[in-house]
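**Student:** The following block contains a protein sequence and its predicted model.
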Amino acid sequence: MTQALRLVLADDHEVTRTGFVSLLAGHPQFDVVGQACNGQEAVELCEQLLPDLVILDIRMPVLNGLGAARLLQQRLPALKVVIFTMDDSPDHLEAAMNAGAVGYLLKDASRAEVIDALQRVAAGEEALNNAVSTRLLRRMTERNANGATTSCTNLTARECQVLGLVANGMSNREIGETLGITTGTAKAHVERVIGKLGAADRTQAAVRGIALGLVTQP
């Protein structure tokens, strides 16, 4: 049997921590090995226990979740960080991504959604709340259209074009028509872009691409 992934959970509300532990109770893939009530305690626990994942609330005393995420990225770069919050602000999602978080979940998510997200993170993917990431994507696209300077060092020129069209909400068929290629070729380009960016889907690829400055305008 595959060994369960070890989690540290940080939230200043005991009821939330208890509920999260109960949510994962009995699931063979996850084991909550430590709990913290603030970000500083979470950092210290992670350094002591070396878990696979850490779940952080944003709003905590002493050190908030974003500050803890930044410290953990520096000290334990292999640790996967997931933000678990009531805050559906695109600003905080962007800040979380910049701090190294690979997951952003809202506390009203269902048990199935939480487990699916944690499984995706454990598999090396990102798990970002779709509604919040879509709003961030829209804002970043507007920002980029208003003159942000972009670079495209990690993708080919064609893949940058494709990513820009994905960020503008185009389907594979529309991308093919715009670039004068077949729908199948467009789909292949999109799949390569998603893979290179380590994203789970088109939306996450667009969010990450824009955040990293990889999007060129079509």
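**Tutor:** Received, thanks.

**Student:** which residues touch residue 78?
**Tutor:** For residue 78, no contacting residues are found, by CB atoms under 8 Å, 6 or more residues apart in numbering. All C-beta atoms are positioned from the backbone trio N, CA, C, and that covers glycine.

**Student:** any idea of the pLDDT on it?
**Tutor:** In this model, residue 78 is scored at 92, pLDDT.

**Student:** Would you agree residue 170 is in contact with residue 183?
**Tutor:** No: judged on CB atoms under 8 Å, residue 170 makes no contact with residue 183 at a distance of 11.4 Å.

**Student:** neighbour count winner among the two?
**Tutor:** residue 170 (20 against 14; other CB atoms under 10 Å).

**Student:** Give me the three-state assignment for the more buried one.
**Tutor:** coil (DSSP: H, G, I helix; E, B strand; the rest coil).

**Student:** Which residue is the nearest non-sequential neighbour of it?
**Tutor:** residue 178 (6.8 Å; CB to CB, 6 or more residues apart in numbering).

**Student:** For stretch 87-95, C-alpha coordinates in CSV please.
**Tutor:** Output in CSV follows, covering the C-alpha atoms of stretch 87-95 (Å, rounded to 0.1, in the frame of the first residue of the first chain):
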residue,chain,number,x,y,z
ASP,A,87,-11.2,34.9,1.0
ASP,A,88,-12.3,34.8,-2.6
SER,A,89,-10.2,37.9,-3.6
PRO,A,90,-8.2,37.6,-6.8
ASP,A,91,-5.6,39.8,-5.0
HIS,A,92,-5.0,37.1,-2.4
LEU,A,93,-4.9,34.3,-5.0
GLU,A,94,-2.2,36.2,-7.0
ALA,A,95,-0.3,36.9,-3.8
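
**Student:** Report the buried residues of it.
**Tutor:** Residues of stretch 87-95 classed as buried: 87, 90, 92, 93, 94, 95 (neighbour count, 16 or more other CB atoms under 10 Å).

**Student:** Moving C-terminal from the lowest-mean-pLDDT helix or strand in the chain, which element do we reach first?
**Tutor:** Least confident helix or strand of the chain, by mean pLDDT, DSSP states H and E, is helix 130-145 with a mean of 62. Using DSSP states H and E, the helix or strand that follows helix 130-145 towards the C-terminus is helix 157-167.

**Student:** Quick one: distance of that next one to the chain centre.
**Tutor:** 20 Å (CA atoms, centre = their mean, to the nearest Å).

**Student:** begin at 828 from here
**Tutor:** With 828 as the first residue, the last one maps to helix 984-994.

**Student:** Distance check, the nearest residue in space to residue 877 that is not next to it in sequence against residue 892.
**Tutor:** Take residue 877 and drop its neighbours on the chain: the residue closest to it by CB to CB, 6+ apart is residue 903, 7.3 Å away. Distance, residue 903 to residue 892, using CB to CB, to the nearest Å: 15 Å.

**Student:** In terms of packing, which of those two has more residues around it?
**Tutor:** Counting neighbours by other CB under 10 Å for residue 903 and for residue 892 shows that residue 892 has the greater number, 31 against 16.

**Student:** On the three-state scheme, residue 893 is what?
**Tutor:** helix.

**Student:** okay, now it: neighbour count?
**Tutor:** Using other CB under 10 Å: residue 893 sits among 23 other residues.
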